[in-house]
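Novice: sequence and predicted structure below; questions after.
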Amino acid sequence: MEFDIKNLKHWQLVEDGDLAGYYVQPMLGIQMNSTAMNLITKEADAERIQLEKRGHKVAVIQPKGDGNTYAQAMAKLLKETGRDNDLNLLKHM
């Protein structure tokens, strides 16, 4: 696998704030089947290893809670606020 730091698929450089200079992996807000998730995990790990070998700082950030997707979080919010009938809108997201 050829490594090109300018074309990372799964990591981005933080330019300011407490994590400035670190590469972080943005969270995906979509659900995937296990095969797609395994492929992405392998690709992201390979990129992380290459970044670390080249001396770059990498921050692996674990989400708090159960790591819901945006659609799952919205569905929970709609149920809690009594707007269950609006759940059909989420099917189009």
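Specialist: Noted; the coordinates are in hand.

Novice: scan the chain for its longest helix.
Specialist: Longest helix in the chain, counting residues (DSSP state H): helix 34-53.

Novice: okay, Lys42 and Arg54: tell me how far apart.
Specialist: From Lys42 over to Arg54 the distance is 19 Å, taken as C-beta to C-beta, to the nearest Å. Every C-beta, even on glycine, is put in place using the N, C-alpha and C of the backbone.

Novice: how is Tyr23 assigned, secondary-structure-wise?
Specialist: Assigned by DSSP: H, G, I helix; E, B strand; the rest coil, the conformation of Tyr23 is strand.

Novice: run a quick neighbour tally on it.
Specialist: Neighbours of Tyr23 under the rule other C-beta atoms under 10 Å: 21.

Novice: who touches it in this structure?
Specialist: Taking C-beta atoms under 8 Å, 6 or more residues apart in numbering, we find Tyr23 in contact with Leu8, Trp11, Gln12, Leu13, Val14, Arg48, Leu51, His56, Lys57, Val58, Ala59.

Novice: now do 10 Å
Specialist: 5, 8, 10-14, 47-48, 51-52, 56-60 (C-beta atoms under 10 Å, 6 or more residues apart in numbering).

Novice: near the closest residue to it other than its chain neighbours, how many other residues are there?
Specialist: Nearest non-adjacent residue to Tyr23, counting by C-beta to C-beta, 6 or more residues apart in numbering: Trp11, 4.4 Å away. Counted by other C-beta under 10 Å, the residues lying close to Trp11 total 19.
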